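sequence and predicted structure below; questions after.
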Amino acid sequence: MIRSVKPIICMGILCAGATQAAELFVGWTRTSWGPPPDISLQVPGRAGFGAVLTEVDNSGYANKWDRGSIDLSFGSQYSGFADEVGLHDSGSAFSIGQSDALQIAITNDTGAGSSMVFHAVMADATAPFSNSPEILQISYKEGGLGLAPGTVLGLWTNSPGSGLTGYDDYADFDADLNSYVVADRTLSNGQHAVFEIAVSGGSGATYIDNIAVDGVYNPAPSTDGTIAVTVDPADQKWTISDKLVGMHCRYDDARDSIYADGSKAAWAATNNIGFMRYPGGSTTKTYDWQNPSGGITADSWDPVYSSSIPVNPPSEWMGLDEYLAFCDAANMIPHVGINWLSGSKFRTLEEGIKRASNCVQYVKDSGYPGAEYYIGNEDMWELCLLDDGVASVTEGAGFFVQYAQAMKAVDPNIRVYWNNNNITSDNLLELLAVAGGWVDGVEFHSKWPYGGDGDMSVWDYDDWKTEFPLIDHRRARTHRDLADTLRAAAADAGYPDLLMANNEYGIGKNQYIEGFNRYTVNLVVIDFLQELFIGNYDRSAFWDNSRQQGASTGEQSLFDPYNGNRFNPSAAGFEMLAPAQGATMLGSSSSHANVYGFAAATDAEYMFYLINKTESDQQIEITFDTAGVDAAVPASGLSLIEAIGQWGTNQSIAVSFNIASNSYTGTLPALSYNRIDFARLNPPTYEEIQSVDSGNWTNEATWSVDDTPDYLDRVLLKFQDVVTVDAAGNQVGNLRLDGGQAYLDIVSGGSLEILNNGVYPTNGAVSFKAAGSALGIRLQGGSLTVGGNFEFGAGGSGITNLFSIEEGTVSFGSYTAIAAAGGGYSLMDMIGSGSSISIGGNLALGPGAILRWTADENSTVSPMQSAAAKNVALNGSLIVDLSAATNQPSEILLIDNVGSGSISGSFASTNIIGSTVYTLSHSGGDGNDLALVYSGSAYDLWAAPYSLVGGQDDDDDNDGLVNLSEYGLGGDPTNGFVDGHLPTFGSSGNVFEYVYPRRTAIDSRLTYYLELTDQLISGIWTNSGYTETGAGDIDGMFEAVTNEVPISGKTNEFIRLIITTE
């Protein structure tokens, strides 16, 4: 119900212990029964803040209700009974009887000049209304707000005709105050406000939980007017994504007049723009990459479409080839949308999937393997309804998997994204239950104040100035909290690396905003993007580049098509933020509710980003909590401010160092976005170190510098150099085998760790050059740990690069590619069973990949273990050498595919040496592992260790029992003194008992029966004249079978045991 607890404003991380703004003012939840309050939560450290929950003639608490929320998190606003995962039968809820009420009294005595701006009064429903007409009402009772006493803030009823029945009547009761002007919902210092939750008109009691009030707290200004800002360089949070500053291109709006001169691509390349989403949003629903219509609604697969006359001429839109050329010029990885609607709508699902996989093949053949794709755009429900008239996330996930499987069969290295704008933790888990092994990321779209249409309030410039943090008002949740909330849910489900993307953020429709000019509306865009940095997103794309069709002005796009395609002020903000991509997020804070941002660190500098949303210049004092700034190097500042024509311009900021206070001071212009850079004291540096001779890793003479490689360095092994690692504790930032006949040998006692320090060239990767002669890594003991990608590239044409693992530990922390590049081959040679091989990311094999396992005498190998929720895509060749094996187990595990996903692809060739009784299976192990499965008979499996000369009907040990009988009785066919379990017999009254052993395994494929005759001369035996009366266990492998033969009146009876096999 409440978005989350945010005691104070912080940059990148929640801080504590200072007087700052808060989202949650106070909340109560019930975990045991009794009069309220039970458990309350309010802003900590806020002296003078008071909140009390009381009953008004309410005795209903004595009637215990056994479904309450006990998660203490207050959930998410607008996700109560229907979605609240914290509902527990062991919990309790607040009970409100008829004509009774609960009252919330809040007092602000936190200091002169402070204020509280209310956003909502909320409660989660934990039970449906009673069947009789009943009303629940939330109102403002009295106090210092500008609202009239008795103002109804929210009203819910189950009156006849409402269609609300049972457990589906209301998810929660959330009274939104944001429709009232800020002044009327502001509580100043020394004032109080009382809200009431009352029930009437029905019978029985209504049950609610997680009662709460939230809003924005504005602290009293500091006495000297200076904003205190702190940075803690030691508080390193995460590595900021390198694809957060992204563009969004609607192909039908992408005219040659905008892109043909190459200036937009050059701008993107110069400023490290992460990617450009194409072909757009709603256009994806009709887009045909092979035959584009050029229009947003015209679909070339629609039977009424005329392909001879496109909606718009080619000069008015961007085709796929033009887009790929843009990506090439802008140094971007393509991010392409897949139309999954038209196939099901106009043709067949199979045709739609085929078109998608053809697109992947085309992009790959155009030089972009490993591109990114989003499947569908805001149309999952429409697709589901086309299929069977019913829509659900589970059904949509099923369609997603069919597309993703086909696309990844073409290029296993691609990433695919699922789209759901209304994503919650619950429906994300529903997706992952079906598509977890195939989805790489989830994307959702949101605007400020909200996207789409509906009966929504108008938000103005003054609302934005006082809003912190930015809120998606359609879904009543903050943008900065969503990614981590979803990421935590994905991690709990076994998918910690799922990518989070807001790939259509921007400004809502014009009718829902007012009071902005060109500059200020673009400042909102920059504010929005800053929230995505602080929220730890993996991808984001600003909607939209040109926004030409259907728009009367171009103020809200990246560049304005009505003003010569000139960049809007948001572009300047993107240029300022782009250097923070790939940097490290630091802990930081601000003492002002409307001046906030984040701090980041690169190897060379600290960058502090601050938006000033006030209309006054603001004095700031920046203090670093720990040492790390080189005060001898002047700090530099850049500010984006409004200029003539509202286009915005950059100006420098003077930043001074105060020796006495060990702090920096400066002035932020009114309504500005700012970046201040500080030089790092003794910044870490990396070197590119090359081998100059064969030798030991720890010997300085091996390297091009008078030192050995360090954890930040990039190491290149050059032509014919063989470097040996025989000591523990070696670390490096990047390793490349960069010359033919270069080898890295890791022997017993040696360890090498390739650390991922965040950005290339210290990104923890290992790569192999496609040289004219072989090169490789040989693990002969010790360990190799790779924090980044393991890019095991093939050799040059006809050349095989080598990675051999004879003994030791191999751990790949991320993506592993074998023969994804190079014209030759990559041989991964796993010898014996003395090694541990784990792969933490996706495993993808190219056509030149060769996986070879050599089993030991026990037919045991060192299997690869693929991490949970990662893809395994086969290709190339498989060799398994069993020539040294002396036994034949029922299964030999090759790849332990942890998780529920299946292994995709296949080997072009499979060669099993030394055995003809094994076949390759994708469903070995626990059902989804790659394994050799014994395909011979159970007799063959038993006989293999004995190395018999004869067949089933021969007697190798000449003891009178043929080999098949030895198998059937548990004997040793090579030792005449070991016959196993022989039959026993004896008489009892008028019956003769014959007891023989029988194998119990269902796959023994043996048949046991008796044959009888009363004389031996005729040679006539019959399978009759006896009765099997029971069986009892002998040793777990055999059972004793008792048979009775009637002997009354008989003088002779001969009995023999027959054992046959299928």
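Arrived safely, thanks for sending.

partner residues bridging residue 812?
In this entry, residue 812 is beta-bridged to residue 786, residue 839, by DSSP bridges.

count the neighbours of residue 993 for me.
The number of residues packed near residue 993 is 15, by other CB atoms under 10 Å. From N, CA and C alone the C-beta is placed, and that goes for glycine too.

how far away is it from residue 1014?
18 Å (CB to CB, to the nearest Å).

my read: residue 824 touches residue 771, true?
No. Using CB atoms under 8 Å, residue 824 makes no contact with residue 771, being 9.2 Å away.

joint contacts of these two?
In terms of CB atoms under 8 Å, 6 or more residues apart in numbering, residue 824 and residue 771 are both contacted by the residues 795-796, 799.

let me see the contact set for residue 153.
Taking CB under 8 Å, 6+ apart, we find residue 153 in contact with 121, 138-140, 175-177, 195.

which residues in the stretch 201-350 of the chain form strands?
205-218, 226-239, 247-248, 276-278, 335-338 (DSSP state E, counting those that start in this stretch).

lowest-confidence stretch among those?
Mean pLDDT values for those show the minimum at strand 205-218, a mean of 76.

in that strand, what counts as buried?
For strand 205-218, the neighbour count (16 or more other CB atoms under 10 Å) marks 205-218 as buried.

rewinding a little: what's the closest of the contacts of residue 153 to residue 911?
Comparing those against residue 911 with CB to CB places residue 176 closest, at 67.6 Å.

give me the contacts around stretch 1027-1039.
Contact with stretch 1027-1039 is made by 970, 981, 997-1001, 1040-1044, as judged by CB under 8 Å, 6+ apart.

change it to 6 Å
970, 981, 997-998, 1000, 1040-1044 (CB atoms under 6 Å, 6 or more residues apart in numbering).

tell me the contacts of the closest residue to residue 929 other than its chain neighbours?
Leaving out its chain neighbours, the residue that sits closest to residue 929 by CB to CB, 6 or more residues apart in numbering is residue 897, at 5.0 Å. By CB under 6 Å, 6+ apart, the residues touching residue 897 are 866, 872, 903, 928-929.

what do you get for residue 531?
Per CB under 6 Å, 6+ apart, neighbours of residue 531: 469-470, 479-480.

so it: helix, strand or coil?
Three-state assignment for residue 531 (DSSP: H, G, I helix; E, B strand; the rest coil): helix.

follow-up on the earlier one: can you lay out the contacts of residue 897 as CSV showing neighbour count, pLDDT and secondary structure?
As requested, the contacts of residue 897 are exported to CSV (neighbours: other CB atoms under 10 Å; pLDDT from 0 to 100; DSSP: H, G, I helix; E, B strand; the rest coil):
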residue, neighbour count, pLDDT, secondary structure
866, 27, 85, strand
872, 26, 87, strand
903, 21, 87, coil
928, 19, 84, coil
929, 24, 89, strand
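
rewinding a little: among the contacts of stretch 1027-1039, which ones are buried?
The buried subset of the contacts of stretch 1027-1039 - by 16+ other CB under 10 Å - is 970, 981, 997-998, 1040-1041, 1043-1044.

pick out the most distant pair among these.
Among these, 970 and 1044 lie farthest apart (CB to CB), at 23.8 Å.
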